[in-house]
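**Q** what's the 3D shape of this:
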Amino acid sequence: MSGQLLVELNDLRIAEKELTQLLARLQADEQEARSLYNRLDDWKGQSADYTRQQIEAFFAGLSGRIQSIEQQKKSLLQYIEIMIQTDQER
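**A** Prediction:
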């Protein structure tokens, strides 16, 4: 393996690890937010309905972002595999 490619692979592996950590933090934060959200069950009225809609929109956006990061991580892992295979063919 050439030195330049090793550095790049190492950088990619660090990025994958950081994405994994980011996903774990986002998922933990989402669980905590959902737990807090569930405490609003007894809140009634128009402001409660509006707040619930806002929170549900937030959760939908968060879910989309988590899925996007998971897809980016998957693509990164595929790219790492391609880089390893390419380097082995040299």
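**Q** what about Tyr50, distance to Arg39?
**A** 17 Å (C-beta to C-beta, to the nearest Å). Yep, even glycine has a C-beta here, placed from its N, CA and C like the rest.
**Q** same thing with Ser63?
**A** 20 Å.
**Q** More neighbours: those two, which one.
**A** Ser63 (12 against 8; other C-beta atoms under 10 Å).
**Q** what's the pLDDT at the more buried one?
**A** Per-residue confidence (pLDDT) for Ser63: 95.
**Q** same thing with Leu6?
**A** 61.
**Q** Start at 810, not 1
**A** Got it, first residue is 810 now, which makes that one Leu815.
**Q** got the residue ranges for the helices in this protein?
**A** Along the chain, counting by DSSP state H, helices occupy 812-847, 855-898.
**Q** can you tell me which of the ones you listed the model trusts least?
**A** When I compare the helices of the chain, helix 812-847 is least confident, with a mean of 88.
**Q** so how far is it from its chain's centroid?
**A** Relative to the mean C-alpha coordinate of its chain, helix 812-847 is positioned 6 Å out (C-alpha atoms, centre = their mean, to the nearest Å).
**Q** Taking helix 855-898 as reference, get the angle to it.
**A** 160 degrees (axes from the mean of the first three to the mean of the last three C-alpha atoms, to 10 degrees).
**Q** mind listing what's buried in helix 812-847?
**A** If you call a residue buried by 16 or more other C-beta atoms under 10 Å, then helix 812-847 has these buried ones: 818, 821, 825, 828.
**Q** Now do the same contact list for the second one.
**A** Taking C-beta atoms under 8 Å, 6 or more residues apart in numbering as the contact definition, Leu821 lies against 885, 888-889, 892.
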